[in-house]
Structure formats: structure tokens, C-alpha cells
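# let's see this in three dimensions:
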Amino acid sequence: MATTVVVSPGSRKVATQSQRQRPDWLFAGGLVTLLTLLAFAVHGYHPYAEDGGLYIAGIKRVLDPGMYPHHSEFVLEHLRFSVFAPMVAAIVRGSGLSLEVVLLLLQLVTFWMTLFAGWMLVSRCYSQREARVGSVALLAVWLTLPIAGTSLMLMDPYVTARSISTPSALFALVGALAFLTPQDSTLAERRRGLALCIVSLALAAMVHPLMAGYALACVLALAAAVPLERKTRTLASIGLFVGGMGTAMAIQSVSLPENTAYLRVAMTRSYWFLSEWHWYEWIGVAAPLLILGWIATGRRHEDNGERTVLARMALVIGTTAMVVALLFAREGLASHLVARLQPLRVFQLVYVVMILVLGAEVAKHMLRRHAMRWTAVFTVLATVMFLAERQTFPASAHFELPASLRSNAPGNAWVQAFLWVRQNTPKDALLALDADYITKPGEDAQSFRAIAERSALPDYSKDGGETSITPELTGAWLEGQAAQSRLSDTTDTQRIAALKPLGVGWVVLERKAATSFVCGFANEAVKVCRLP
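From the prediction side, this is the model:
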């Protein structure tokens, strides 16, 4: 007996949408994978550089509690409010892989997740595939773009807690859009969006509470930007702005005056204070707001409702952060608690939204379906970013892979010295270096503690950053600066007088330094010597 199947118009629509979406998800997965490899190739990989070294030292301390017995507060401080280091350590223990391999895999996975979150976000804003591809392609080639006035990049060429909080924040925006703009969404889809938003924010808070707080602020700004009625939207945005001002005022009013010693530390972080900015940093915050303002106030067309909402969100939250920084992050204040919270970090998400919108508009109106245009534009952009990376890390390999650090002769001369220290000094040794060693030519911001796995007196740059947000470290940091100031330029007598009382047994000096100490290692840039 024949069976008749009746397909309702509604079910046919669902089936058609399912058939259309399935290839799009497959396309998106393939595209994001290719762009992840492109991003990795363009931006390089430097796991022990900059903040990457800070986080690796913390992970190593979790894996081996006997490591860094001296000045361990500079290793442990950033672990207080984050599960990042214990989480990575658990992956290392559970997988049986080395820490270096786990970090490399995390770098690739977090790049992929960030680009995929970008695809999901832009898919809610643009129906044309070319626009979506342009958005995510531009995000891939600009993935390490510096964010003006924050000392941050969108994503780092190394793994930190922000490597996880960034894609989590983007997924939170995806979920919030799905929940707050339900014109074509079912109740189940709205619930999934809300769940995605909550889970993403919770994950971000577990690894990086500060960045999670700014992601939550963006979600609230998104809610304020959704209402169709201009009056309601304006009142909600004003309410958010007033709430931001009130929160900053409350934080400032309950903070205690800071002592002179800590003020010396705070003043070393010039990017906290807008009065200290260079002209190009002002362009770096003004340009995204102008671009997003153009999108936010533009005419509504067929599929631009959600991108207009995103642009409004970024415009409101960016403007609020700027005003907060101008009013409550000033040098002359008695307390700098708001400055320590770095409100302009919210521009990380503002930049992502700007890049996604800009990439889509360029693809729609300029590149279209012309393969040569796509090739020429993204080749130029990728080349510029590649050259910028090479200028930032000129003495290091473009890819500092696990095998390169296991080698006895890595390319970076400072890293060679740090590896020698790891292999030839006692585990409980305490070393001293020039306070500003991390900015020396050819050093490439490589972290001594993370590579050498030995304790060191606090340095000016990274340990100074830890001290600026944790005033309790001020005394130890200032003591370290005094003992290591111009260490390579002083005499042996001065070095002994400054370092011996602190328990230092070894010093890392520039090769040009005059000394009669016994130096077990020397190369063209640096030497490692033992104090008598």
C-alpha cells in the first residue's frame, strides 16, 4: 500500500533551512581551520615571551611546588583569582604530554575558537558568504593587532589566560544576540543562546575575572542597544553610562590613599594615563569608534539589524570606558584603583567588532567575487603583520616550537644563557639580571624564570606590571630595582655589596660587562657568572 507523506509549508521551510545551513557549517569549519593555520604562520609563536613567560612560570610552579623558592610571590600572585594555571597543569598531567606541546595545542585551539566565534557573530549580521569570509579573514590577519592604550593585543603569539577569555567573550556575545534579538528564533534557540552566554561568561571568569567583567559589561551594553524604539534605547544607553560612572566613582571613593613608594610603581605604567598617550594611541581609540558610529547611525537595510546593534553596543561601551579613564584614571589622584582595573581593556571587544564589520564591508563593496583582489589585499595585509612580528622578535625564531627549546643552541643568545642556567645551577639558586634586561636589544622579551626555571630578583617590566596591580609587592620590587640597577655597568665590589645580602649567588651580565667573577657561560650577547 502506498504511503502519502504530507509536508506542511512550515516543515518544508525548516528542511530547506537545514539543507542550507549544513554546508555552511561545514564551510565555516574548513575556512576557520585554514585561517587558523594562516594566522599561526603570519603571527608566529613565542611561548616564553612577554606575559606568556609569566603564565608558564605559574604553571611550572603548580606542576612542581619546589620551583622558584625565592620571590615566589611574583610567580604566584596572578594565580590567586584564576584557574588557568591549575587547569593547564591538569591537562599536562592527564594527557602525559609535555607542557610545551600542551601550550602549542592550546595556541592553535584558542586561535581556532576565536575565529569560529567571529564567524558565528558575523553570521548573525551578514547573509552574504563573501561578507562573512571577509570578516573572519581580516580578523585572522589582524589577530595580533595592538589595542591602543592597553599594552594588549587582540590575541597573543603565546598562551595566556586571555587566550581563553577572548573567545569566551565572543561566544558570550553570540549567545546574547541569539537571546536578545529573537525575531526569527524559536524559544529553544533563545534558551540555547542564553545558556551559551552564561557558560561563556562563567568560563571567562574562571580564567580571567577582569576580562570577564568587561565581557559582561559588553553584554549589558548589547541589551541596551537592542530596543527598536529610539527613546527606550537612548534611556537604556544613558542608564548604562551612568551606571559605569557610578561604579567607577564608588570604587574610587572606597579606595585608600596610596603611599609614595607605590606611586613610583604606578607611574611606570604610562599607558594607564591618557595624558601620557602618544598621538597615534588617540587615533587607535578614535578610529574604531568613528567606524562603528557610522554603522550604528546608518540606514537600516535588509540584513543589518544585528550588526547595527553590535555597533551601538561597541560605541556605548567604548565611549563609557573612555570617559571613565579620563575622569578616574588620572595621575594626580590620591588613589589609582580604577586605573589598575584598566577600563580601556574593554576595547579588545570593540576592536573585534570593528574588524568584523570592516572586513565584511570591504568584501561586499570592494573585493566581491574577484579572486585577484582578495589575493592582493590579504597578501599585503598578511605581509605587513608578518614584518611587524619579525621586527618585534628579530633575534628569535618565527616559530619557537618545543623542539627548539630542547635544542642546545636556540637562535636567541639570551635564551641560550637561560637554558645553561637551567642545566648548570642548583634548583634553589637565586639569580640577578639587569633590572631592564627584558628590553635589551636581542632579548626579545624572553622570560628568564620561565626558561631557566630558577628564581630571580624582580625585573622592571613584567614584575613591575604585577606590582602595579598588587601594591603589596612594592617593597620587594623596589628592593630588586635598587640591587639590579645598571648591574652590567657597575663594579664587582658594588655588585657584591648589593646582591650578597639578598642571597643572590649568580648573575647574568651583558657580554661587555667588566668582571673578575668566574663565568661558566658566555656568548656574543651575555655571560653567566657566579658570585664569590
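
# just checking, residue 85 touches residue 58?
Yes - the criterion here is Cβ atoms under 8 Å, and residue 85 meets it with residue 58 at 4.2 Å. C-beta here means a position set from N, CA and C on the backbone, and glycine is covered the same way.

# okay, and the common contacts of the two?
Common contact partners of residue 85 and residue 58 (Cβ atoms under 8 Å, 6 or more residues apart in numbering): residue 79.

# more neighbours, those two?
residue 58 (26 against 23; other Cβ atoms under 10 Å).

# could you confirm the more buried one falls within a strand?
No - counting by DSSP: H, G, I helix; E, B strand; the rest coil, residue 58 falls outside a strand, being helix.

# roughly how far apart are residue 497 and residue 504?
Distance of residue 497 to residue 504, given as Cβ to Cβ, to the nearest Å: 11 Å.

# can you list the domain ranges for the chain.
22-392, 402-444+454-530 (automatic domain parsing).

# what's the pLDDT at the closest residue to residue 60 other than its chain neighbours?
Residue nearest to residue 60 in three dimensions, not counting chain neighbours: residue 67, with 5.6 Å by Cβ to Cβ, 6 or more residues apart in numbering. Listed pLDDT for residue 67 reads 96.

# my guess is residue 67 meets residue 429, correct?
No - when contacts are counted by Cβ under 8 Å, residue 67 is not listed as touching residue 429 (11.5 Å).

# could you report the neighbour count for the residue nearest to residue 60?
Around residue 67 there are 18 other residues, counting by other Cβ under 10 Å.

# quick one: buried residues of stretch 264-274?
By neighbour count on 16 or more other Cβ atoms under 10 Å, the buried set for stretch 264-274 is 265-266, 269, 271-274.

# likewise stretch 227-236?
By 16+ other Cβ under 10 Å, the buried positions in stretch 227-236 come out as 227, 233, 236.

# pretty sure the first one sits in a strand.
No - counting by three-state DSSP, one finds residue 227 to be coil, located in no strand.

# make 52 the first number, not 1, from now on.
Yep, numbering from 52; the last one is residue 278 now.

# which residues touch it?
284, 287.

# okay, it: pLDDT?
78.

# that one and residue 285: what is the separation?
Computed as Cβ to Cβ, the residue 278 to residue 285 distance reads 9 Å.

# also residue 110?
The gap separating residue 110 from residue 285 is 47 Å, by Cβ to Cβ.

# how about residue 548?
For residue 548, the distance to residue 285 - Cβ to Cβ - is 66 Å.

# quick one, strands of this protein?
197-198, 203-204, 481-484, 506-507, 557-561, 569-573, 577-581 (DSSP state E).

# pairing partners for the fourth one, with directions?
According to DSSP bridges, strand 506-507 has the following sheet partners: strand 481-484 (parallel).

# ok, the fifth one next?
Strand pairing for strand 557-561, using DSSP bridges, gives strand 481-484 (parallel), strand 577-581 (antiparallel).

# where in the stretch 352-501 of the chain is pLDDT low?
352-355, 456-460 (pLDDT under 70).

# count of neighbours near the closest residue to residue 465 other than its chain neighbours?
Nearest in space to residue 465, with sequence neighbours left out and distances taken as Cβ to Cβ, 6+ apart, is residue 494 at 4.7 Å. The tally of other residues near residue 494 (other Cβ under 10 Å) stands at 22.
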